[in-house]
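Engineer: fold the following and give me the result.
(5 chains, ligands or ions: 5)
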Amino acid sequence: MAQRIDVKDLNIYYGDFLAVQDVTMTIDPQSVTAFIGPSGCGKSTFLRTLNRMHEVIPGAAVEGTVEMEGVDLYGPDVDPVAVRRNVGMVFQRPNPFPTMSIRDNVLAGVKLNNRRISRSDAEELVEGSLRGANLWNEVKDRLDKPGSGLSGGQQQRLCIARAIAVKPQVLLMDEPCSALDPISTLAIEDLIGELKQDYTIVIVTHNMQQAARVSDRTAFFNIAGTGKPGRLIEMDETSTIFSSPAQKSTEDYVSGRFG
Amino acid sequence: MAQRIDVKDLNIYYGDFLAVQDVTMTIDPQSVTAFIGPSGCGKSTFLRTLNRMHEVIPGAAVEGTVEMEGVDLYGPDVDPVAVRRNVGMVFQRPNPFPTMSIRDNVLAGVKLNNRRISRSDAEELVEGSLRGANLWNEVKDRLDKPGSGLSGGQQQRLCIARAIAVKPQVLLMDEPCSALDPISTLAIEDLIGELKQDYTIVIVTHNMQQAARVSDRTAFFNIAGTGKPGRLIEMDETSTIFSSPAQKSTEDYVSGRFG
Amino acid sequence: SDPEPAGAEGTGSTDAADGSTLSGELNGGGASSQESAMEAWRAGFQSANPDVTVNYDPVGSGGGRTGFGDGTYAFAGSDAALEEEDLAAAEAQCGPGGIIEFPGYVSPIAVAFNLPGVDSLNLKPQVIADIFNGTITSWDDKAIAADNPDVDLPQTAITVVHRSDDSGTTENFQEYLSAVAPDEWPHEPEGVWPIKGQESAQGTSGVIGAAQSGEGAITYADASQVSGLGTVAVGVGDDFVPYSAEAAAEVVAQSPRVEGTSEGVYAIDLQRDIAGTYPIVLVSYSLACGTYADEATAELVKGFMTYLASEEGQQAAADAAGSAPLSADIRDAVMPSIEAIAAG
Amino acid sequence: MTTTTAAASADATELTRALLTAADPRRRRVDRTMRILIWGAFAVAMVPLVSLVWTVLSSGFGRISLDFLTLSMRNIFGGDPSGGIYHAIAGTLVITALATVISVPIGLLTAIYLVEYGRGALARAVTFFVDVMTGIPSIVAGLFAVALFTLILGPGVRIGLIGAVALSVLMIPVVVRSCEEMLKLVPNELREASYALGVPKWLTIVKVVLRTSVAGLTTGILLAVARVIGETAPLLVTVGVTDSINFDPFEGRMMTLPVFAYRQYSQGLATCPGGESATCVPDIAIQNGWGAALVLIVIVLVLNLAGRLVNRWFSPKLR
Amino acid sequence: MTTTASGPPVQAPARRRTRRRTTDRGFNRAFRWIAVGSGVLMLAVLAAVALFLLVQAWPALTASEDDLAASVPRYPADTSLLAYVGPLVFGTLLAAALALALATPVAMGIALFISHYAPPKLAQVLGYLVDLLAAVPSVIYGLWGIFVLGPAVLPVWEWLGQVLGWFPLFAGTVSPTSRVLATVSVVLAVMILPIITAVSREVFLQTPKLHEEAALALGATRWEVVRTAVLPFGRSGVISAAMLGLGRALGETMAVLMILSPGFLYSFKILTSAQHQTIAAYIAADFPEASGLAVNTLVATGLVLFVITLAVNMGARAIVARRKEFSGAN
Ligand SMILES: Nc1ncnc2c1ncn2[C@@H]1O[C@H](COP(=O)(O)OP(=O)(O)OP(=O)(O)O)[C@@H](O)[C@H]1O
Ligand SMILES: Nc1ncnc2c1ncn2[C@@H]1O[C@H](COP(=O)(O)OP(=O)(O)OP(=O)(O)O)[C@@H](O)[C@H]1O
Ligand SMILES: [Mg+2]
Ligand SMILES: [Mg+2]
Ligand SMILES: O=P([O-])([O-])[O-]
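Structural biologist: Ligands and ions are numbered 1, 2, ... in the order given. Presented below is the predicted three-dimensional model:
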């Protein structure tokens, strides 16, 4: 079941530093939302508030509300652990667990939570997730080898497999393809296309083409200067953003850089 | 002074594992050579043999010759330290020295050679290198802050500034833009265009467009399957590779994936 | 064979007649000087009573007296007789039966030196004092040479080595010096060496080791430990007496008992100038109570003290530690008190 | 034309060769000097270490025999060369194990608190006072344990447990410090990866952080065990001495190897009325001391070896 | 069509800032409290030790000088308690400082040797050896110091006394037994060497490969890699390693007790006997025979040692804290 996310008046802090200011947006279910914008504008920071990963950084804080189907994720009786189980995440840098085999990495979400799973279910889940991440063929003969022995691209795909193995409601991806070759990138993009049937997907990317290809809606963030907070400049249908954005800065940013 | 590199019959090993087999190629001076290929095919591995960074991994070994202007880099009287000073490198993951300020990061390589660089020379070099990496405006007010406080993209540009501050003969870049936004990417690409007037540049990229935009010649690597060694499939003028490659696999790889 | 100790409390029984009837664990502690002798006593007693374990913590005389006073130790060893505070505490602890105290361990203290080729020297008390207080600094000093006409004395500087820890040996040695050479040795005798700036070392084995490692060194130590070093024949009257267990036993036997003590306490008022005796002796006391709270402990202490004071026990200590056996007079005087140990 | 190209390329070759072979002599010198110094540091350190091991080995080996390892010193005295150190081995193992059982949970949990939860004044206080605690002199720890148990059990009780408590006071801060270092080295990325999978913090700590650092933790704990297994002073005042076997840390005195070695050294030479013979060896106590020292070192070696194996099996490849 | 354009920066009305903080529940909270609990228990243990020291030292701290002189052996007449403890403090600090000065550079050298210089296979064995030596009991170091090191270094001390006698540390008569502070310092240095080495080595080994490769790629020699990447990363680890060593050197009892020929002076003559004594050895030497006020006085000196450790740690903490924002973590 996909979930809608409503963000209202969100300010995000690192200690006293206001990193992202005053974001209000709606993320639609069963769609892919892309965040674009220059480096340092707070895309990653904002993304991490959507599954309460932001708060694991000491001194980090948020103001405002993030509602999922009307439930404030930061409400007093909401368990951040439950939030994260339902809002999965793939990071910019691949981070497989070095102590675990490839198989165990995929099963990490299940095993770390002490959930029991039958052998055959586990095998099925591992294969399904790895196939989804387009990694199955490369690793099927060495599922018991440590995940850290893979190349960067392989590691990232392993992390994606790990995230989708938990079957989250929402999937956040922070530049998931930045370390991937085109074939793997394409596979991931195809996968995103499939996953959006059931899930809400948010992807941060520095690649206009990728945003244009995979997303239904695009949000453009910008930053006025160093030390200033990042802001949401504009959010709209992807086609609108790339063809006739409302803001000049958006047009400057997306126009004519590539291809 | 740019330098030509001739690679003959190069086999590259990690312990007993043959990672790259039988590469023979010529890298022209004053030009940009791009390496493309799927993940795990050994692009990074091969790149690292060009400045003898490969050999710092325990058990790593090479067979064959890598000649720079006729001098075998692996010859008995060649100093690996001198090789690395003359063949600079930028890595896939940004790696600024976390204990150093931004300024000291830029000067790190220079100070190794020239301890007593004058203050004004140093300032000039820092500004020049940071401008070259399109980072000057963002960090000029906090040169004394630690480099690790920057965002991923900013960190990578800092690493590029650090590498070019040493003024190497050859510059190797391993997916230098994979963590960068388009504006920074463009600046780096422009910079590569400028640098090739004087230097030999080799860039690994997963981005076809980037290879097409920046490089004069392109080498395509491929891998038959997991555990198999990577091989150089074909190397030619970039325009030839992207328009009429000699090999079927090259055409499959570069055609119609993007844009 | 090692029966596990049954614990702090034993189960003494007196009904069976043949062989050993005692069992349990008996703990004591105190003067480290008694350690070697104590091993012999414990071994002898434990052999006769296989179910008994006797422990002795060589924590030092002070520790022994304190432990005896607060009930830590059922019996104790001390290089000095109980006085004031400790006596009061021990009396309170021991209850109606009072304290039993007798010189269970008497050992000569040798004055030992490291001069290659010289095994023995004759030294008058005043000369010994002058050497140890630093007035005489060289081995070829006239005062030394005068009494040793046959010895070829080297020019080596004298290095005095004393005990660095608070020690009963030091106290006894100083008591001797201040008794026989009060002008040369004006210091108040105590466990700590009074002169600063001299070499020192921890424990008997420490001073012996230091003396062995430095040529020209001189020290004082329990006589059983000084092999390998030259020793001094001490001037008593006009004679020079080398150390020996017999000569040491003689000084204890001929010194009077301290008056005015309770019946079980046999303290010695040591006389340092009796001709033919070796006057530098360490008199170490054995301490026990006349009554114990529980029967088992009382039986164990009674048995152990009986053995310790017996001719057999004293001979075992003499063999193991080179000590001087208790004289028959003293034994006869203390035995009744030991045999009266009981619960109550 | 061809000759000039040839000449030019020969020039370029020479230039390149110059570039690639001519190392800056100063830097090369510094590098060489440092290499020599660093090898030298190792060599210098090896001198005392080898000498120490050799001394213990050569002085202690002659005493090692089956009897020495399986008998106690009960009823052995003077120059009697029979008897052994079984009682001291047993005491050392029991007391150290008990101290480890007390210290590791407290120390590890405290380290977890500091690394994973610790913020603010309490964490700063704990960090600070852990450092202070590493400086507690061992004899003071012993006196503290005696005072504590005097309150609980009354005066004069000498049991293994008191020694274990004294050792724990010395061991806990070492465990905390080394575990803290090791936990800090676990990359944050791994914690975040686990949180993002919806794993609660405590399970992340147990299954990711501890699991990743288990090799380092083992090394740290072994160092802590090593720190206390050779303690003498606190055991002397807390568990007393005995020459009989006792396995029960809650009842009766125990002997330990370091205390045994020290006592034997302190005893010095034995008196042998009949001179040296098969039944009376004057320096037997010193020999016993060295023998105990050797066995102590071997026990530590075995512990280390076990730790190494754990290390090998569980150590992750973080890079 | 929900387009949220922030437009020109509008001055937002002052909103009530409700920052959200982490909350735990269920077992998460229980685990947190267990961890916090052991942290607090640590403090409680330390408080108990401190309290014990203070209570036991109190009679000595409040007694008159005459009472102290009368009942404490070695207590000089007409001296305040501070003046009495002073030389002990001096001796303790001097011995530990010399040991640390000797051991730290060597230990860092060994740690680097094992982590970055020795062939990887050999390094494992060497690391093992060093770990093992961290476990040598102080009694054995004491025996070794007396029987082996003392005689061996005597010629060196004599030579130093002759050639460098003008230097305050080496002034005075060189003791023929070599039971002097210099020998003690060497033994202490050897004792703390394995500890500093083991911890530094672990930290050096954890230097991120990324940073080492960054330095290598700039044309750094091996030493320059160490200098630019390894040492800065390991700095706080090395400081804490040195502190572990210092803690042990300050509190070491048996080895000092067995080797040193003590004295109670403010003296830098480390080759002369009867000049120095350390607090820990002093307590151990006199405790067995002490009773009454003397025990309290000994505990008071223990309290002083406690305070010294506190001061040393505060200094080291300050060093670590100042470099915190540049630390390698995260
Ligand atoms: N842990 C942190 N503590 C303090 N400031 C931080 C932290 N992480 C990021 N920042 C700052 O917050 C701002 C936003 O950073 P963020 O990483 O979200 O940017 P981004 O848009 O994801 O950039 P990139 O495209 O380079 O990944 C930057 O100015 C950055 O320096
Ligand atoms: N340190 C290493 N030890 C052993 N094998 C390695 C090591 N590094 C890489 N490999 C293996 O060598 C092969 C080539 O890896 P390499 O990183 O060079 O690929 P790549 O083309 O750069 O991939 P990517 O595009 O993902 O960076 C892979 O099979 C990888 O698993
Ligand atoms: Mg980001
Ligand atoms: Mg690569
Ligand atoms: O018995 P001592 O106090 O001299 O060791």
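Engineer: what residues sit buried inside stretch E:200-213?
Structural biologist: Neighbour-count burial for stretch E:200-213 flags E:200-208, E:210-213 (criterion: 16 or more other CB atoms under 10 Å in any protein chain shown). Any C-beta I mention is one placed from the backbone N, CA and C, and that applies to glycine too.
Engineer: pLDDT for these - can I get that in JSON lines?
Structural biologist: JSON lines is the format used below for the buried residues of stretch E:200-213 (pLDDT from 0 to 100):
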{"residue": "E:S200", "pLDDT": "86"}
{"residue": "E:R201", "pLDDT": "86"}
{"residue": "E:E202", "pLDDT": "80"}
{"residue": "E:V203", "pLDDT": "82"}
{"residue": "E:F204", "pLDDT": "88"}
{"residue": "E:L205", "pLDDT": "85"}
{"residue": "E:Q206", "pLDDT": "81"}
{"residue": "E:T207", "pLDDT": "83"}
{"residue": "E:P208", "pLDDT": "82"}
{"residue": "E:L210", "pLDDT": "83"}
{"residue": "E:H211", "pLDDT": "85"}
{"residue": "E:E212", "pLDDT": "87"}
{"residue": "E:E213", "pLDDT": "87"}
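Engineer: just checking, which of these belong to strands?
Structural biologist: Using DSSP state E, the subset of the buried residues of stretch E:200-213 located in strands is empty.
Engineer: tell me the two of those that are most distant?
Structural biologist: E:S200 and E:E213 (21.5 Å; CB to CB).
Engineer: which one of the buried residues of stretch E:200-213 is nearest to chain B?
Structural biologist: Nearest to chain B, judged by CB to the nearest CB, of those is E:L210 at 3.9 Å.
Engineer: residues in contact with that closest one?
Structural biologist: Neighbouring residues of E:L210 by CB atoms under 8 Å, 6 or more residues apart in numbering or on different chains: B:91, B:93, B:95.
Engineer: repeat the analysis, applying 10 Å as the threshold.
Structural biologist: B:91-98, B:159, D:319, E:229 (CB atoms under 10 Å, 6 or more residues apart in numbering or on different chains).
Engineer: do A:G15 as well
Structural biologist: A:G15 is in contact with A:57-61, counting by CB under 10 Å, 6+ apart.
Engineer: if you set the cut-off to 6 Å instead, what comes out?
Structural biologist: With contact set as CB atoms under 6 Å, 6 or more residues apart in numbering or on different chains, A:G15 has these partners: A:G59.
Engineer: please, where are all the helices along the stretch 151-259 of chain A?
Structural biologist: Remark: helices assigned in the stretch 151-259 of chain A by DSSP state H, counting those that start in this stretch are A:152-165, A:182-195, A:208-214, A:238-243, A:248-254.
Engineer: ok, chain D next?
Structural biologist: Ranges of helices in chain D, per DSSP state H, are D:2-21, D:25-60, D:66-70, D:86-112, D:120-134, D:138-153, D:160-184, D:188-196, D:201-204, D:210-229, D:233-238, D:257-267, D:284-314.
Engineer: mind listing what's buried along the last one?
Structural biologist: It refers to helix D:284-314. Residues D:284-297, D:299-300, D:303-304, D:307-308, D:310-311, D:314 are the ones in helix D:284-314 that count as buried (16+ other CB under 10 Å).
Engineer: same question for stretch E:278-298.
Structural biologist: E:278-291, E:293-298.
Engineer: one more: stretch D:20-32?
Structural biologist: In stretch D:20-32, counting by 16+ other CB under 10 Å, buried: D:20, D:23-24, D:27, D:31.
Engineer: does the closest residue to ligand 5 within the stretch 151-300 of chain E fall in a helix, a strand, or a coil region?
Structural biologist: Here the stretch 151-300 of chain E gets closest to ligand 5 at one residue, E:E289, 6.6 Å apart by CB to the nearest ligand atom. Under DSSP: H, G, I helix; E, B strand; the rest coil, the three-state class of E:E289 is coil.
Engineer: circling back: in helices only, show me the buried residues of stretch E:278-298.
Structural biologist: E:279-286, E:293-298.
Engineer: which residues of chain C lie near chain D?
Structural biologist: Residues of chain C found near chain D (CB under 6 Å from any CB of the partner chain) are C:2, C:5, C:7, C:39-40, C:43, C:46-47, C:53, C:55, C:57, C:70-72, C:203-205, C:224-225, C:227, C:319-320, C:322.
Engineer: buried subset of those, written for ChimeraX?
Structural biologist: The buried residues among the residues of chain C next to chain D can be selected in ChimeraX (16+ other CB under 10 Å) with this line:
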select /C:2,5,7,39,40,43,46,53,55,57,70,71,72,203,204,205,224,225,227,319,320,322
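Engineer: take the residues of chain C next to chain D and keep only those in helices.
Structural biologist: Secondary structure from DSSP H places C:39-40, C:43, C:46-47, C:203-205, C:319-320 of these in helices.
Engineer: center of chain E - which residue?
Structural biologist: E:L246 (1.7 Å; CA atoms, centre = their mean).
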